[in-house]
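>>> Have a look; sequence and predicted model below, questions after that.
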Amino acid sequence: QAKAEGRSRFSFFSEALTRNARNQLELETQMYQALENDELCVYLQPQTDIHSNSITGAEALVRWQHPEKGLLSPFSFIDLCEQNGQINRIGYQVLLKTCQQGKKWLDKGNPPLILAVNLSASQISDPELYNQVSDILQQTGFPAHHLELELTESALMSETESTITLLERFRSLGIHIAIDDFGTGYSSFSYLKRFPIDVLKIDKSFIDEIEHNARDREIVAAIIAMGHSLGIKVLAEGVEHENQLKILNEIGCDIYQGYLMSRPLPMEQFALLLDNTLAETEQFPS
Ligand code: C2E
Ligand code: MG
Ligand code: MG
Ligand code: MG
């Protein structure tokens, strides 16, 4: 009896495992098609200067317009694509689309924005990355000093020397470097000393409770003070409430990003948001 039960439980788990592996494989195959058929698109989420309350930049966030499943969030495919290497091609397309759009807006005479693109660890260790980035800038005509590259702390942990060299080469083109999800990773202080960094993006988990939790508030204030003394700008991620913004303003945070200003938007809608906020400031000059 026990044996039979054990066996059926085993087959239950093994079926689940096979199903999961099959799903992964299916998703991987479909991603190859997605890359061929141009099914990936880029959403933009505004980054707002806290002092002037004006949009000064945007983060590019990938979405997958899946033919059957609809619009997929990066959470449902980024991890897998990091493991199987597809993230490099995804990252290439996101960067290309972002720079193409950025150039169009500049040509239209829009006020200049800094557009931020996420890089994964696997892209950082790709020896082709530097050439790909500089080719895209050249090919699109998007100025390097309008581009920001976001890296997480964990992406910076491996291959330190070559990573520093790579970031310095990007920097000398004029590209800005941001540390994403700051505070959630492992290392923190040594690379602040060693890496050329323009922006620290404080992770949403420190911002969530900032109204009620004095410790979080102190931590954020300390990150801001440290960033400023190193000549680094500090951005708060995941700001959802007016009260959070008020506190961030009081403790001297530079930039915020979050649903309070806007969710990530398709590019056309982002352009409309920009037009509207510009019209507002023209109507009510400060
Ligand atoms: P991330 O780079 O930290 O991006 C911020 C995430 O927080 C985005 O999720 C954004 O929609 C979400 N967010 C922004 N403000 C708020 C808020 O006020 N409340 C809440 N609840 N969420 C907010 P998204 O777009 O789902 O992206 C998730 C992650 O996927 C990104 O985190 C990034 O790690 C990764 N990702 C997205 N696009 C790319 C890409 O093109 N390349 C790579 N390598 N990774 C990407
Ligand atoms: Mg990011
Ligand atoms: Mg982040
Ligand atoms: Mg994050």
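Yep, that arrived. Ligands and ions are numbered 1, 2, ... in the order given.

>>> What residues does the stretch 101-250 of the chain have near ligand 2?
The stretch 101-250 of the chain has residues 118, 150, 180 near ligand 2, with proximity defined as C-beta under 5 Å from the ion. Glycine gets a C-beta too; all of them are placed from N, C-alpha and C.

>>> mind redoing it with 8 Å?
By C-beta under 8 Å from the ion, the residues of the stretch 101-250 of the chain that approach ligand 2 are 116, 118, 150, 152, 178, 180-181, 201, 237.

>>> Restricted to strands, list the residues you listed.
Per DSSP state E, strands hold the following members of those: 116, 118, 150, 152, 178, 180-181, 201.

>>> Just say helix, strand or coil for T184.
Local secondary structure at T184 is given as coil here, using DSSP: H, G, I helix; E, B strand; the rest coil.

>>> From ligand 1, how far off is it?
Distance of T184 to ligand 1, given as C-beta to the nearest ligand atom, to the nearest Å: 9 Å.

>>> which non-adjacent residue is nearest that residue?
D203 (4.7 Å; C-beta to C-beta, 6 or more residues apart in numbering).

>>> The ones in strands among the residues of the stretch 101-250 of the chain next to ligand 2 into a markdown table, with extra columns for distance to ligand 1?
Listed next are those as a markdown table, based on distance: C-beta to the nearest ligand atom, whole Å:
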| residue | distance to ligand 1 |
| --- | --- |
| A116 | 9 |
| N118 | 4 |
| E150 | 6 |
| T152 | 7 |
| A178 | 10 |
| D180 | 5 |
| D181 | 5 |
| K201 | 7 |
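
>>> So among the residues of the stretch 101-250 of the chain next to ligand 2, which ones count as buried?
With burial judged by 16 or more other C-beta atoms under 10 Å, the buried subset of these is 116, 118, 150, 152, 178, 180-181, 201, 237.

>>> circling back: may I see the ones in strands among the residues of the stretch 101-250 of the chain next to ligand 2 arranged in a markdown table, with pLDDT as well?
Converted to a markdown table, those look like this (pLDDT from 0 to 100):
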| residue | pLDDT |
| --- | --- |
| A116 | 99 |
| N118 | 98 |
| E150 | 98 |
| T152 | 91 |
| A178 | 97 |
| D180 | 95 |
| D181 | 93 |
| K201 | 97 |
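
>>> Is there any residue in stretch 229-243 that contacts ligand 3?
Yes - counting by C-beta under 8 Å from the ion, ligand 3 has neighbours in stretch 229-243: 237-238.

>>> now for that stretch, what's the gap between its first and last residues?
End-to-end distance for stretch 229-243: 26 Å, by C-alpha to C-alpha, to the nearest Å.

>>> Quick one: mean pLDDT over it.
The average pLDDT for stretch 229-243 rounds to 97.

>>> Poorly predicted segments of the stretch 51-200 of the chain, please.
187-188 (pLDDT under 70).

>>> Please see if the lengthiest strand in the chain touches ligand 1.
Assignment by DSSP E gives strand 55-66 as the longest strand of the chain. Yes - using C-beta under 6 Å from any ligand atom, we find that strand 55-66 touches ligand 1 at 61-62.

>>> Pairing partners for that strand, with directions?
Partners of strand 55-66 in the sheet, by DSSP bridges, are strand 40-49 (antiparallel), strand 70-72 (antiparallel), strand 114-118 (parallel).

>>> Give me the contact status of it with ligand 2.
Yes - Strand 55-66 reaches ligand 2 (C-beta under 8 Å from the ion) through 59, 61.

>>> Around ligand 1, which positions in the stretch 151-286 of the chain sit nearby?
So the stretch 151-286 of the chain meets ligand 1 at 180-181, 238-240, 257-259, 264 (C-beta under 6 Å from any ligand atom).

>>> List buried residues within those.
Buried members of these, scored by 16+ other C-beta under 10 Å, are 180-181, 238-239, 257-258, 264.

>>> residue boundaries of the helices in this protein?
Counting by DSSP state H, residue ranges of the helices within the chain are 2-37, 78-84, 87-107, 121-124, 129-140, 153-157, 160-173, 189-194, 204-207, 214-229, 242-250, 267-283.

>>> Can you redo these as CSV, where the extra columns are mean neighbour count?
Formatted as CSV, these follow (neighbours: other C-beta atoms under 10 Å):
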stretch, mean neighbour count
helix 2-37, 11
helix 78-84, 16
helix 87-107, 20
helix 121-124, 20
helix 129-140, 16
helix 153-157, 19
helix 160-173, 15
helix 189-194, 13
helix 204-207, 19
helix 214-229, 15
helix 242-250, 16
helix 267-283, 13
